[in-house]
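# Show me the folded form of this:
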Amino acid sequence: MKPNTVFALLIILVLNSAGMAQFAITIDAQKDAFYEQLAGPEDGHIFISHSAFLPLSGPKPDGDADLSAQVWVAWDEAYFYLYAEVSDDAVKVNNRFRPDNDCIELKFDPDPRKKALAGIVNARLSALDSLAARNRDGVDNLYSEGSLAAEAVSPKNYARRLTDNGYVLEIRLAWNWIKTKDRTVKVGIGEIFGLAINFHDNDSDERDGSIQWSPAMADEVWNTPQLLGTMEFLADHKLRFIRQNSIDPNVFMGKTYLSLDRLKERPERPFTLENWKYHPGDNMDWANPSFDDSAWEATYPRISSNQKPASGWNGLGWFRIHIAVDSSLWSAPLALNLWQSGASEVYLDGKLLYRLGKVGPSKAEEETWIERNPRCIVFDRQEEHVLAIRYSNFSTDYLNQLGIDAGFTGQIWEDLNSRIEDRAAVVRTITIYQILFAVIPIVLAFLHLFLFLYYPRAKENLYFALCMFCWAIIVFEDFQSPFLKNIPQIIWFESISISAMSPAIIFGLLTAYAGVSRKIPRQCLFFIIAGAVLTIGALLSLWRWIPLSMKTGSISFYLYIAAAAVELFRVFFIQGFKKEKSGWITGIGFTALMLAIFCQILIGFKIIAPIGQFGVVYIYGVLLLSVSVSIDLSRRFAKTNRDLEQQLVHVKELSRKSLEQERRAKEQEIAHKLLEADNARKTQELEEARQFQLAMLPKEIPSLPNLEISAFMQPATEVGGDYYDFHLAEDGTLLVAIGDATGHGMKAGTMVASAKSLFAALGDLGDGHEISRLLSSWSGIIRHMHLDRIYMAMTLVRIKGRKMIASAAGMPPILIYRHRTKTVEEMLMKGMPLGGPAAGQYQEMETTLAPGDTVLLMSDGFPELFNDKEEMLDYHRIAGIYQEAAGNSADEIIRHLMAAGEKWKNGKPQNDDTTFVVLKSR
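I've put the predicted structure just below:
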């Protein structure tokens with residue numbers, strides 16, 4: 001090889017090495033040297049000013065410092081590179097809906113030459129990572145949609161950095177990642193691909209703004225290849241920004257592309273018409289499709305509080321949108337949904353399609369209308385169409401204050417029939433929900449109201465009935481709203497719902513108080529006053545009497561509900577469990593309701609995604625509360641029945657016992673009366689027996705010159721059988737008898753009568769008969785009388801002169817006091833009582849009485865006296881007592897003996913007759 005050739009090759013290698021070194025890019029959120037050489041759109045650098053703000057996204061930025069961006073791009077065989085420096089006065093990533101955060105969005109059409117009508121590749125990178133944002137749900141790391149949604153992007157392909165005036169993002173995307181099912185990027189000098197760039201701003205915590213690089217400046221770049229700009233591959237790793245669409249070079253701001261592919265791209269979602277142009281005022285020529293509206297303002301027709309036409313909205317104006325319709329949709333019946341809060345006239349290519357309400361030049365002539373049913377729209381067999389809407393709403397400020405858009409949103413669906421079926425299904429579902437979730441509380445309300453009417457003391461039934469009535473009103477109103485035809489109707493129904501909210505909470509608290517503590521605490525007054533203030537404030541704000549924002553009112557209501565939830569938890573699960581655990585079922589129901597309301601609040605603030613078809617969650621809390629109270633009511637009813645059954649059994653037992661007691665009491669009363677009668681009879685008989693016994697005693701005591709005689713008998717409580725008698729013969733012989741019949745009552749009296757008869761009949765027998773023989777004779781006679789084990793103990797004493805002969809049959813000993821010696825002698829003669837089966841000969845004893853001697857005859861009633869200590873007086877004590885008074889007269893001796901007996905008894909009743917006969921020799 002020639003030297004100059006070798007030298008030339010070396011020069012080429014050095015230059016190539018220098019070029020390769022120059023393109024070295026590191027993904028570190030730092031600007032690489034390669035980007036410094038890029039001068040403008042022609043070689044890969046653009047500046048996106050705040051003036052490139054999309055008119056449909058909210059209030060415009062104040063200037064470039066508020067929102068602007070510089071972008072540098074490059075390429076190699078494997079990757080697309082992008083470096084962006086964004087000026088943003090407030091960097092925020094705090095919304096769970098990712099596009100509503102500060103981020104960059106890249107929209108790719110991999111191969112514009114295929115003229116696809118739908119389907120692009122999306123990539124999104126948020127301004128902050130999860131750690132900095134503290135919001136994992138809102139962070140995107142090069143998110144991809146479509147067929148590549150599941151493919152993860154390596155962290156090596158992106159980087160972030162905060163700056164003093166905003167943030168920096170750097171991205172590297174593989175070309176084989178930027179593709180759809182039928183399109184890929186052809187990498188090489190002279191090749192092209194489609195691109196649009198969005199920088200979203202989140203200054204008001206909503207998707208309130210974005211600046212865009214594209215030829216159409218339309219939000220629909222997310223799925224419209226005809227709206228993207230063109231990128232051309234250049235040499236030296238450079239790219240050219242061409243602000244023209246290669247599919248439709250005539251694309252302009254305000255033009256919308258509609259094709260069957262676009263409608264099928266997201267079959268469950270509508271195609272929203274967004275590229276509207278607006279002009280205030282009223283001119284019917286503006287319905288003409290040939291009218292030149294190029295000078296009109298591009299805007300979005302929602303007319304919200306933070307997004308109104310820059311030229312102003314005075315209540316009446318026209319909106320126009322140019323639609324390029326693909327031949328696949330010509331003459332096809334499509335579904336048009338126009339969600340509006342005012343009145344409108346819809347024109348397609350100058351022809352009136354629909355009047356929704358009545359458009360008027362003033363509020364008095366205007367009739368607003370909310371159209372909820374899909375309408376049919378058919379595009380003629382031509383590509384270019386103009387949809388014009390004459391629209392009026394003279395309540396804009398009022399509706400915006402309530403958080404309601406005063407404008408409209410237009411949506412197109414592919415299949416009209418399916419939309420009609422969907423609408424019918426929604427109406428059917430809402431009706432079922434309305435009936436189900438409103439009727440159940442009403443039924444329970446009436447049930448508990450009747451329970452209260454029949455048992456007014458259970459006030460928790462009244463409170464719960466009113467609580468359920470209020471919730472039924474709230475639920476009915478919520479599900480009635482989709483059937484209302486204009487905003488005033490909605491306001492009226494909302495007023496009713498607001499009026500029922502605080503009472504529902506208050507009556508729920510009263511139910512808890514009455515069911516658990518049975519008394520209303522003082523803090524309930526706070527909830528009543530706070531509820532009244534909130535309700536009045538909300539109503540005044542709703543009817544524009546005070547300038548209170550709905551957001552402030554909603555937050556106040558939510559705080560009120562949170563306080564009520566805490567109070568319910570305290571009542572049921574703290575205070576209630578201390579007393580009884582029976583209220584936990586109702587407590588769970590109230591807790592479920594409060595959790596459902598809390599979840600509804602989170603949905604309302606867009607903190608969590610809507611749950612279910614309609615996003616209405618609190619109704620399930622109302623249903624759970626209704627079910628829990630029904631279960632609790634059934635449990636209490638069953639418990640009450642069990643208690644009643646137990647009480648019934650108890651009452652039956654008590655009744656049985658009571659009847660048994662009454663029967664016994666009646667029997668006892670009858671027995672008592674019989675006993676009283678028997679006692680009266682016996683008392684009468686005893687009295688008669690007593691009188692009979694006393695009649696048996698001698699009427700007078702014999703008087704002898706040599707004897708002082710005294711006798712005394714004290715009957716016991718029952719008539720005994722004591723007896724004494726005297727017989728004085730003509731010769732002066734004295735026969736003394738003292739006896740004691742066994743037993744008591746009339747039988748003893750009969751024995752005494754028999755003994756007296758025997759004594760009277762045989763007492764005249766003189767000395768020729770021994771007194772012991774008299775006792776034997778009398779015993780035989782009494783035995784043959786068969787008086788059923790009634791016997792007669794008896795002592796007979798015969799005194800003639802100073803000679804005394806005595807004989808005894810089962811009687812106590814005779815005590816003889818000797819005056820001369822001052823001693824007491826005992827004369828004891830053993831023998832069976834008269835009438836006994838073994839009675840034989842009786843002993844007989846004789847003694848002489850000196851002057852002053854005293855003889856004491858007594859029955860066994862005296863020695864057998866018992867005191868209060870159950871001690872018997874007994875014979876050994878009687879001799880001493882007798883000796884104490886034996887020197888006295890006969891009467892004094894008896895009085896002394898009786899006094900000694902009373903002292904010994906010490907109040908104890910006498911249980912046997914006491915009889916004394918004292919014979920004192922003179």
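# domains for the protein, by residue range?
3-249, 271-414, 436-643, 697-921 (automatic domain parsing).
# can those domains go into JSON lines with extra columns for mean pLDDT and distance to residue 680?
The C-beta positions use only the backbone N, C-alpha and C, and glycine is treated the same way. Rendered in JSON lines, the data for the domains of the chain read as follows (pLDDT from 0 to 100; distance: least, CB to CB, whole Å):
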{"stretch": "domain 3-249", "mean pLDDT": "82", "distance to residue 680": "104"}
{"stretch": "domain 271-414", "mean pLDDT": "92", "distance to residue 680": "101"}
{"stretch": "domain 436-643", "mean pLDDT": "78", "distance to residue 680": "52"}
{"stretch": "domain 697-921", "mean pLDDT": "87", "distance to residue 680": "15"}
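# Of all those domains, which one is nearest residue 427?
Between residue 427 and the domains of the chain, the shortest separation by CB to CB is 7.8 Å, and it involves domain 436-643.
# follow-up on the earlier one: is it possible to export the domains of the chain to TSV including mean neighbour count and distance to residue 261?
Below are these laid out as TSV (neighbours: other CB atoms under 10 Å; distance: least, CB to CB, whole Å):
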stretch	mean neighbour count	distance to residue 261
domain 3-249	18	4
domain 271-414	18	7
domain 436-643	18	28
domain 697-921	18	126
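# and the longest helix belonging to the chain, what does it pack onto?
Counting residues, the longest helix in the chain under DSSP state H turns out to be helix 618-696. Identification of packing neighbours for helix 618-696 by 3 or more CB pairs under 8 Å, 6 or more residues apart in numbering; DSSP states H and E yields helix 416-454, helix 459-480, helix 584-604, strand 722-728, helix 745-762.
# Surely residue 304 touches residue 400?
Yes. Residue 304 is within contact range of residue 400, at 6.5 Å (criterion: CB atoms under 8 Å).
# now the angle between helix 584-604 and the longest helix of the chain, please.
For helix 618-696 against helix 584-604, the angle by axes from the mean of the first three to the mean of the last three CA atoms, to 10 degrees is 160 degrees.
# Need the three-state assignment for the residue located most distally from the centre of the chain.
Of all residues in the chain, residue 731 has its C-alpha farthest from the mean position, at 116.1 Å, by CA atoms, centre = their mean. Assigned with DSSP: H, G, I helix; E, B strand; the rest coil, residue 731 falls in the coil class.
# next helix or strand past the longest helix of the chain?
The C-terminal neighbour of helix 618-696 among helices and strands, as given by DSSP states H and E, is strand 707-714.
# Residues touching that next one, excluding its own?
With contacts defined as CB atoms under 8 Å, 6 or more residues apart in numbering, strand 707-714 is touched by 697-698, 701-703, 722, 724, 726, 734, 799, 889-891, 893-894, 898, 910, 913-922.
# mind checking the SS state of residue 289?
For residue 289, the secondary structure call by three-state DSSP comes out as coil.
# gap between it and residue 351?
Relative to residue 351, residue 289 is positioned 10 Å away (CB to CB, to the nearest Å).
# repeat for residue 409
22 Å.
# got it, and residue 171?
Counting by CB to CB, the separation of residue 171 from residue 351 is 48 Å.
# Equivalent analysis for residue 647, please.
Remark: distance between residue 647 and residue 351 (CB to CB) = 82 Å.
# again, but for residue 624
Here residue 624 is placed at a distance of 53 Å from residue 351 (CB to CB).
# Check residue 912 too.
In terms of CB to CB, residue 912 sits 140 Å off from residue 351.
# got a list of what residue 812 touches?
858, 859, 860, 863, 875.
# what do you get for residue 344?
338, 354, 355, 356, 357, 359, 369, 389, 390, 391, 392, 408.
# again with residue 246
Neighbour list for residue 246: 112, 113, 192, 194, 230 [criterion: CB under 8 Å, 6+ apart].
# Would you mind confirming that the third one is in contact with residue 229?
No. Using CB under 8 Å as the test, residue 192 is too far from residue 229 to be in contact (10.2 Å).
# between these two, what contacts are shared?
Overlap between the neighbourhoods of residue 192 and residue 229 consists of residue 242, taking contacts as CB under 8 Å, 6+ apart.
# can you tell me which of the contacts of residue 246 lies nearest to residue 668?
The closest of those, once distances to residue 668 are taken by CB to CB, is residue 194, at 114.9 Å.
# The domains of the chain: which one's closest to residue 424?
Within these, the stretch nearest residue 424 is domain 271-414; the backing value is 9.5 Å (CB to CB).
# gap between residue 565 and residue 93?
Distance from residue 565 to residue 93, counting by CB to CB: 31 Å.
# At which residues are the strands of the stretch 51-200 of the chain located?
For the stretch 51-200 of the chain, the strands defined by DSSP state E, counting those that start in this stretch occupy 67-75, 79-88, 103-109, 121-126, 141-144, 158-163, 166-174, 192-201.
# and the third one, which strands flank it?
I take that to be strand 103-109. The pairing partners recorded for strand 103-109 under DSSP bridges are strand 121-126 (antiparallel), strand 192-201 (antiparallel).
# what's in contact with the shortest one?
In other words, strand 121-126. Residues lying outside strand 121-126 but in contact with it, judged by CB under 8 Å, 6+ apart, are 93, 98-99, 101-110, 133, 138-146, 148, 158, 160, 169, 171, 173, 177-180, 222.
# Could you figure out how far it is turned away from strand 79-88?
For the pair strand 121-126 and strand 79-88, the angle between their directions (the same axes, to 10 degrees) equals 40 degrees.
# Return the alpha-carbon coordinates of strand 121-126 using CSV.
What follows is the C-alpha trace of strand 121-126 in CSV, where atoms were taken according to Å, rounded to 0.1, in the frame of the first residue of the first chain:
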residue,chain,number,x,y,z
VAL,A,121,-47.1,4.7,20.9
ASN,A,122,-47.2,6.7,24.2
ALA,A,123,-44.3,7.2,26.6
ARG,A,124,-44.7,9.2,29.8
LEU,A,125,-42.1,10.2,32.4
SER,A,126,-43.2,12.1,35.6
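# Verify the contact between residue 415 and residue 335 for me.
Yes. Taking contacts as CB under 8 Å, residue 415 lies within contact range of residue 335: 7.0 Å.
# Which one of the domains of the chain lies nearest to residue 658?
When the domains of the chain are ranked by distance to residue 658, counting by CB to CB, first place goes to domain 436-643 at 20.8 Å.
# TSV please, covering the strands of the stretch 51-200 of the chain and showing distance to residue 829.
As requested, the strands of the stretch 51-200 of the chain are arranged in TSV below (distance: least, CB to CB, whole Å):
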stretch	distance to residue 829
strand 67-75	149
strand 79-88	146
strand 103-109	143
strand 121-126	140
strand 141-144	139
strand 158-163	143
strand 166-174	145
strand 192-201	144
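# do you know which of those lies nearest residue 327?
Closest among the strands of the stretch 51-200 of the chain, using CB to CB: strand 103-109, at 20.4 Å.
# wait, what's in contact with residue 847?
Taking CB under 8 Å, 6+ apart as the definition of contact, the neighbours of residue 847 are 804, 806, 816, 827.
# Residue 355 should be in a strand, yeah?
Yes. The secondary structure assignment for residue 355 places it in a strand, going by three-state DSSP.
# how near is it to residue 385?
Going from residue 355 to residue 385 by CB to CB gives 20 Å.
# what's in contact with the helix or strand encompassing residue 555?
Residue 555 is part of helix 550-570, with elements assigned from DSSP H and E. Taking CB under 8 Å, 6+ apart as the criterion, the residues outside helix 550-570 that touch it are 401-403, 501-502, 505, 508-509, 512, 523, 527, 530-531, 534, 537-538, 541, 587, 590-591, 594, 597-598, 601, 604.
# tell me the angle that helix makes with helix 584-604.
Between helix 550-570 and helix 584-604, the angle formed by their directions is 160 degrees, by the same axes, to 10 degrees.
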